[in-house]
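Asker: what's the 3D shape of this:
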Amino acid sequence: MSKFKSYSVSVIGNADLISSEKYFVTITTFVASIFLLILCAIHLILKLKTTPVFFAGSSSIIMLGLYLMVRFGNNVFIPKLILTVLGLIMLDFVWYYKYLSNGPVLFYLMIFGALILWVWESRSLIILLIGYFLNIVALFIIDYSAPDSLFMYPDNKIRSIDIYLSFMLYVSLMIFLLYIVKKDFLRQKEKAIKSDKLKSAFLANMSHEIRTPMNAIVGFSHLLSDATESKDKNQYINIIQNSSDNLLRLINDIIDLSKIEIGDLEFKYSDFNIKELFTELKELHTLDILKREKTDIRLEFLLPKGEIFIHSDPLRLKQILSNLLANAIKFTEHGLIRFSCEKKGRELVFSVSDTGTGIPEDDQKKIFDHFTKFNYHGMNNEGTGIGLSIVEKLVTMLNGRIWLKSVFGEGSTFYFSIPYITSSDIVASPNKSEKENPLLKIENVKAILLVEDNMTSFMLVKELLKPLNLEIHHVTDGTDAINFIKTNPSVCLILMDIKLPFMDGYEATKAIKKTNPKIPIIAQTAYAMLEDKEKAIDAGCDDYITKPLNSKKLKEVVNKYLSN
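Answerer: The predicted structure follows:
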């Protein structure tokens, strides 16, 4: 059964990852192409008229082309329109040449009406149904005035065979399509019930998980104001920073999970070097190990000789590996954590192994479920239990699979594979051996404009940028920003908040860039989605940073543009 399902997914697509409309049109075009081929064969075997064979064969080829357009393309509207209009025209021709109402095609015309009802909606449905019924009226007029010779089969036996064989085919097709409709309805119903239960569990878990870091942030912020010992202050600051990181990680997980559940998570494919990605991951998680004071852990990666380039989504692949590495660090006290990648046929197989606590066999069965959280030896006091479920869904959405091997007390290895897709015009990325210049205090005082309607955020940015010796001006909306730049041409940089009163940051950026295209504008906003970044860049922003602001990142970006 699993093999059949695998073949079905390869041919039709995964119903959980594509829209119901696309899934149904894909099945309809694929099945219709096979059905029409069978119809051709019946005509040839029974030695009936050859004209319907020509039309059925041509329709089969067209249906196969539409299937390929829908299955491997993103546009469903045009294939649907061709399927409806051309399909009805072809049916009319077959009806005419296959003995009109004395033949079996009227059965299929009835099924075709149900198909129109299912795949179209709103105004398009009304227009096409009107056309469908006008078509039936036209067929009646033709049928009513046609000569008797057009209705005549060679003999009654051939007519009976043709009628009932065709009837069996049409009924089989109708039953199959209705089965698909029923199955899709039940799937959507189960998904809605599951989603409702998930929301309840989600709210219950999130309420607890959000309050935990917030409790630490609020509590230790109050203690910090009363603390007199520098040792206590440093400890409180460290706790506040860690809790803030945990809260931000939680928010990102919530956003990703919600976008996955509604099928709104976007993937941006590009060509990239696996070695560069691994090097970046090692640097990032080495800092995590030092931060957790787990100095007995050794982190390394293993790659085959030569460069591995792949065409995939580097951000999502990094997210998967980062999550697996963070888990490995969390559950490991000493020993080795190793991540690797190797080519196996047309797949890239990644692994993350550790010498940590391992996972009992019973727990392995539910490790990828939502809100599954294990706390072996008190080593998991953070997290929400949704990280691995996000990982599994991301791997699936990259057309891959994930599995694990683990022995409790000895360690775990998580494996996942994705298709090894390359681009013929891949050019190796330049060597990044040169280190970026460290942040330097800008010697000449330069003026920047901060467009921010929230006074607390303005004060925070001002404090964060103090070491750069800048002259910081402040306005609270987009209109004021435009006017300020017109009267103060000495401003070298703009930090632009996106959500502003009267005129938002996008519109303000477009207006400023029209009169002063060379001034760098950095969007700084609480909108943290990938599409928000693209929208800011499209509006004319030169760069983008998200809130909560990272002090080091903010200084790096500002320093970069002021140095230029």
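
Asker: what separates the helix ranked longest in the chain from the chain centre, distance-wise?
Answerer: Taking DSSP state H as the criterion, the chain has its longest helix at helix 156-226. Taking CA atoms, centre = their mean, to the nearest Å, one finds the center of helix 156-226 at 16 Å from the center of the full chain.

Asker: which residues of this protein fall in strands?
Answerer: Secondary structure of the chain (DSSP state E): strands located at 270-273, 297-302, 309-312, 335-344, 347-353, 401-407, 411-419, 446-451, 470-475, 493-496, 521-525, 543-546.

Asker: right, so of the ones you listed, which gets closest to L68?
Answerer: strand 411-419 (18.7 Å; CB to CB). All C-beta spots, glycine's among them, are computed from the backbone N, C-alpha and C.

Asker: ok, residues contacting the closest one?
Answerer: 310, 312, 317, 320, 324, 328, 331-332, 335, 344, 346-359, 391, 395, 398-406 (CB atoms under 8 Å, 6 or more residues apart in numbering).

Asker: residues touching the residue nearest to V407 when sequence neighbours are not counted, list them.
Answerer: Leaving aside its sequence neighbours, V407 sits nearest to G358 (CB to CB, 6 or more residues apart in numbering; 5.1 Å). Neighbouring residues of G358 by CB under 8 Å, 6+ apart: S406, V407, F408, G409, E410, G411, S412.

Asker: mind giving me the domain ranges of the protein?
Answerer: Under the assignment automatic domain parsing, the domains of the chain span 2-152, 270-419, 446-563.

Asker: closest to L165 out of those?
Answerer: The minimum distance between L165 and the domains of the chain falls on domain 2-152, with 5.7 Å, by CB to CB.

Asker: number of nearby residues for the residue nearest to D184 when sequence neighbours are not counted?
Answerer: Closest residue in space to D184, ignoring its immediate chain neighbours: S20 at 5.5 Å, by CB to CB, 6+ apart. As a burial measure, S20 scores 13 neighbours (other CB atoms under 10 Å).

Asker: try L37
Answerer: For L37, using other CB under 10 Å, the count is 16.

Asker: do the same with the one 5 residues further on
Answerer: I42 has 17 neighbouring residues, counting by other CB under 10 Å.

Asker: wait, doesn't it sit right on F167?
Answerer: No. Using CB atoms under 8 Å, I42 makes no contact with F167, being 11.6 Å away.

Asker: all helices for the stretch 1-150 of the chain, in order.
Answerer: 2-12, 20-46, 51-72, 77-97, 105-119, 122-145 (DSSP state H, counting those that start in this stretch).

Asker: quick one: those helices as CSV, columns for mean pLDDT and distance to N242 too.
Answerer: Below are the helices of the stretch 1-150 of the chain laid out as CSV (pLDDT from 0 to 100; distance: least, CB to CB, whole Å):
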stretch, mean pLDDT, distance to N242
helix 2-12, 67, 42
helix 20-46, 81, 44
helix 51-72, 83, 46
helix 77-97, 87, 50
helix 105-119, 83, 53
helix 122-145, 93, 52
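
Asker: quick check: which of these is nearest to I255?
Answerer: Ranking these by proximity to I255 (CB to CB) places helix 20-46 first, at 24.5 Å.

Asker: now do the closest one: which elements does it pack against?
Answerer: helix 2-12, helix 51-72, helix 77-97, helix 105-119, helix 156-226 (3 or more CB pairs under 8 Å, 6 or more residues apart in numbering; DSSP states H and E).

Asker: burial measure for the nearest residue to G131 once chain neighbours are set aside, as a count.
Answerer: Among residues not flanking G131 along the chain, L88 sits closest, at 7.8 Å (CB to CB, 6+ apart). The local packing of L88 (other CB under 10 Å) involves 18 other residues.

Asker: and L88, what does it touch?
Answerer: Neighbours of L88 in contact, by CB under 8 Å, 6+ apart: F112, G131, Y132, N135.

Asker: residue ranges with poor pLDDT in the stretch 251-400 of the chain?
Answerer: Within the stretch 251-400 of the chain, the ranges that satisfy pLDDT under 70 run 257, 259, 261-264, 370-385.

Asker: check the stretch 101-250 of the chain too.
Answerer: Within the stretch 101-250 of the chain, the stretches with pLDDT under 70 are 195, 198-209, 212.

Asker: related to what we said a few turns ago, any chance of the strands of the chain in JSON lines with mean neighbour count and distance to I254 as columns?
Answerer: Compiled in JSON lines, the strands of the chain are given as follows (neighbours: other CB atoms under 10 Å; distance: least, CB to CB, whole Å):
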{"stretch": "strand 270-273", "mean neighbour count": "16", "distance to I254": "26"}
{"stretch": "strand 297-302", "mean neighbour count": "16", "distance to I254": "28"}
{"stretch": "strand 309-312", "mean neighbour count": "20", "distance to I254": "25"}
{"stretch": "strand 335-344", "mean neighbour count": "17", "distance to I254": "26"}
{"stretch": "strand 347-353", "mean neighbour count": "20", "distance to I254": "23"}
{"stretch": "strand 401-407", "mean neighbour count": "16", "distance to I254": "21"}
{"stretch": "strand 411-419", "mean neighbour count": "21", "distance to I254": "23"}
{"stretch": "strand 446-451", "mean neighbour count": "21", "distance to I254": "28"}
{"stretch": "strand 470-475", "mean neighbour count": "17", "distance to I254": "32"}
{"stretch": "strand 493-496", "mean neighbour count": "25", "distance to I254": "26"}
{"stretch": "strand 521-525", "mean neighbour count": "23", "distance to I254": "18"}
{"stretch": "strand 543-546", "mean neighbour count": "18", "distance to I254": "15"}
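
Asker: nearest to M63, out of those strands?
Answerer: strand 411-419 (27.4 Å).

Asker: quick one, that closest one and strand 335-344 angle?
Answerer: Strand 411-419 runs at 20 degrees relative to strand 335-344, counting by axes from the mean of the first three to the mean of the last three CA atoms, to 10 degrees.

Asker: separation between Y269 and A508?
Answerer: Distance of Y269 to A508, given as CB to CB, to the nearest Å: 32 Å.

Asker: so L324 makes contact with V391?
Answerer: Yes. The criterion here is CB under 8 Å, and L324 meets it with V391 at 6.6 Å.

Asker: when those two are compared, which one has more neighbours?
Answerer: A count of neighbours by other CB under 10 Å puts L324 above the other of L324 and V391, at 27 against 22.

Asker: how about residues contacting stretch 63-80?
Answerer: Applying CB under 8 Å, 6+ apart, the contact partners of stretch 63-80 are 11-13, 19, 21-22, 25-26, 29-30, 32-33, 36, 82-83, 119-120.

Asker: right, I mislabeled it, should have said stretch 34-48
Answerer: Counting by CB under 8 Å, 6+ apart, 49-50, 52-53, 56-57, 59-60, 63, 98, 158, 161-162, 165-166, 169, 173 sit against stretch 34-48.
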